[in-house]
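K.L.:
after the sequence you'll find the predicted model.
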Amino acid sequence: MPEELLVERRPDGIAVLTLNDPDRRNAMADAMTAAWKKAVADLREDPAVRCVVVTGTGSAFSSGGDLSWLADTNSVAVPALRDRMLTFYRTWLAIRDLEVPTIAAVNGHAVGAGLCLALACDLRYAARDAKLLAPFTALGLHPGMAATWLFPEVAGLPIAREMLLAGRVLTGDEAQASGFVNRAVPREHVLETALEVAGRIAAQAPVATRLTKVALAGGGHPDMESALRWESLAQPVTMATKDMIEGLTAQRERRTPRFTGE
């Protein structure tokens, strides 16, 4: 049996997580979920990681949760189902808690929880012909995996309502126009594009990058005064780093800075 999740650590500080169950269109089944939990926990503890890219093998990014067990849920009490789903959601959405920027390379169709995983990343690059959809209500289900938070956060309420209530399906090109993804590119260039952006992120000062991600979390600050208070603390923190001296020195010497995170 092949590994359900491939983890590649690159020397430039980029980690690539590849959902690897193409026969089931990278469904988020139990074995993959367990592998994901361990991989994200390991990345969280690794100071060498500067950016994380998530993608899939085959024709899909992810078809979402494994639905094969749902037919038996009528005999299960709601509290037990709640606990199971909450654990599933939190395991996959843990990528949102990583301090480093994350990128979804949406190589193919992203469905339901699989689409939510992409939306939980900081940046998204999708295949032009990929289909993005969340058919929860068509299956008789309320949306899950924080869909009712992530869809409005990323693209606003109008498109969130159309997708979650009316079942609208977006192509990668339409997703770009709607703000769901940062850019739509030919399928064969999706991972390449994501890695190019990841490389630029990994080349920036790590402390400044992590603090900037925190500042932008959840759509940014509630008001300008909150932003000013945060920045008046976070910017002096970066002023005390060796990386700031390196950045200024590199600019003066007209060379590429070599940031260490110190």
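P.N.:
Nice, thanks for sending it over.

K.L.:
tell me, how many residues neighbour the residue nearest to Gly156 when sequence neighbours are not counted?
P.N.:
The shortest distance from Gly156 to any non-neighbouring residue, by Cβ to Cβ, 6 or more residues apart in numbering, is to Gly179 (7.2 Å). In short, each C-beta sits where N, CA and C put it, glycine included. With neighbours defined by other Cβ atoms under 10 Å, the count for Gly179 comes to 11.

K.L.:
cool, and Cys116?
P.N.:
Other residues close to Cys116 by other Cβ under 10 Å number 26.

K.L.:
please, where are all the helices along the stretch 1-150 of the chain?
P.N.:
In the stretch 1-150 of the chain, the helices defined using DSSP state H, counting those that start in this stretch lie at 30-44, 78-93, 113-120, 147-155.

K.L.:
and those helices, which is most packed in?
P.N.:
helix 113-120 (a mean of 27; mean count of other Cβ atoms under 10 Å).

K.L.:
quick one: the strands in this structure?
P.N.:
Using DSSP state E, the strands found in the chain span residues 5-9, 14-19, 51-56, 60-62, 102-106, 109-111, 123-127, 131-133, 170-171, 183-185.

K.L.:
between these, which one is closest to Glu162.
P.N.:
Between Glu162 and the strands of the chain, the tightest spacing by Cβ to Cβ is seen for strand 170-171, at 9.4 Å.

K.L.:
which other helices and strands contact that closest one?
P.N.:
Counting contacts by 3 or more Cβ pairs under 8 Å, 6 or more residues apart in numbering; DSSP states H and E, strand 170-171 packs against strand 131-133.

K.L.:
can you tell me the strand partners of the strand it packs on and which way each runs?
P.N.:
Applying DSSP bridges, strand 131-133 is found paired with strand 109-111 (parallel), strand 170-171 (antiparallel).
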